[in-house]
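Colleague: The following comprises the amino acid sequence and a computationally predicted model.
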Amino acid sequence: MRFAAIMALAASLATPGLAEDIVSVRASGDVETTMDALEAAVGKAGATVFARVDHSGGAESVGMTLPGSQLLVFGNPMLGTPAMQDDPLAGLYLPLRVLVYEDGDGAVWLAYEDPAEMLDDLEIDDDAEYLGKMSGALSKLTAAAAGG
């Protein structure tokens, strides 16, 4: 019980203000540099980048401000297809996404939803092999992009 409380506290400190199923990694660079590094890591891993969305640029285009915030949408059919074969509704959650953003204190973070949690409400076995592969890929890619 005491160990669980300590782990919960540690998780809340590691991901300030984020839901339990969101994984966040502190980056050493700015949003643009971090996103460039993430996109390069995704390409090097053999995945396909489908979109890079500049949320702060969108805000600026309508006369509003938003701290740096970009979203990368990417995937690999070798991992996503089995999930959609198990439950076609997985297509609502895939391809994978990583947000790179600047928080209110000026720190830059990479954030993504844990695939097992993201697909938890679907007809997908908790121990499906592709869930571990997706989580591992996201962990490696965000670590590579975080630098430092």
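Modeller: Great, that's in hand.

Colleague: which SS state does Phe50 fall under?
Modeller: The three-state label for Phe50, taken from DSSP: H, G, I helix; E, B strand; the rest coil, comes out as strand.

Colleague: ok, it touching Leu71?
Modeller: No: applying CB atoms under 8 Å, one finds Phe50 not in contact with Leu71, separated by 10.8 Å. Placement of C-beta: from N, CA and C, glycine included.

Colleague: Please say which of the two ends up with more neighbours.
Modeller: With neighbours defined as other CB atoms under 10 Å, Phe50 and Leu71 compare such that Leu71 has more, 16 against 12.

Colleague: The more buried one in helix, strand or coil?
Modeller: Reduced to three states with three-state DSSP, the structure at Leu71 is strand.

Colleague: How about the contacts made by it?
Modeller: With contact set as CB atoms under 8 Å, 6 or more residues apart in numbering, Leu71 has these partners: 51-53, 55, 97-100.

Colleague: what's stretch 129-148 in contact with?
Modeller: Under the criterion CB under 8 Å, 6+ apart, external residues in contact with stretch 129-148 comprise 23, 25-29, 34-35, 37-38, 41-42, 45, 47, 76, 79-80, 82-83, 96, 98, 100, 110, 112, 114-116, 119, 124.

Colleague: Quick check: helices, which of the contacts of Leu71 are part of them?
Modeller: Members of these lying in helices (criterion: DSSP state H): His55.

Colleague: buried sites along the lengthiest helix in the chain?
Modeller: For the chain, the helix that runs over the most residues, judged by DSSP H, is helix 129-146. Taking 16 or more other CB atoms under 10 Å as the basis for neighbour counts, the residues of helix 129-146 that come out buried are 130-131, 134-135, 137-138, 141-142, 144-146.

Colleague: Can you show me the helices along this protein?
Modeller: 2-14, 31-44, 55-61, 77-86, 115-118, 129-146.
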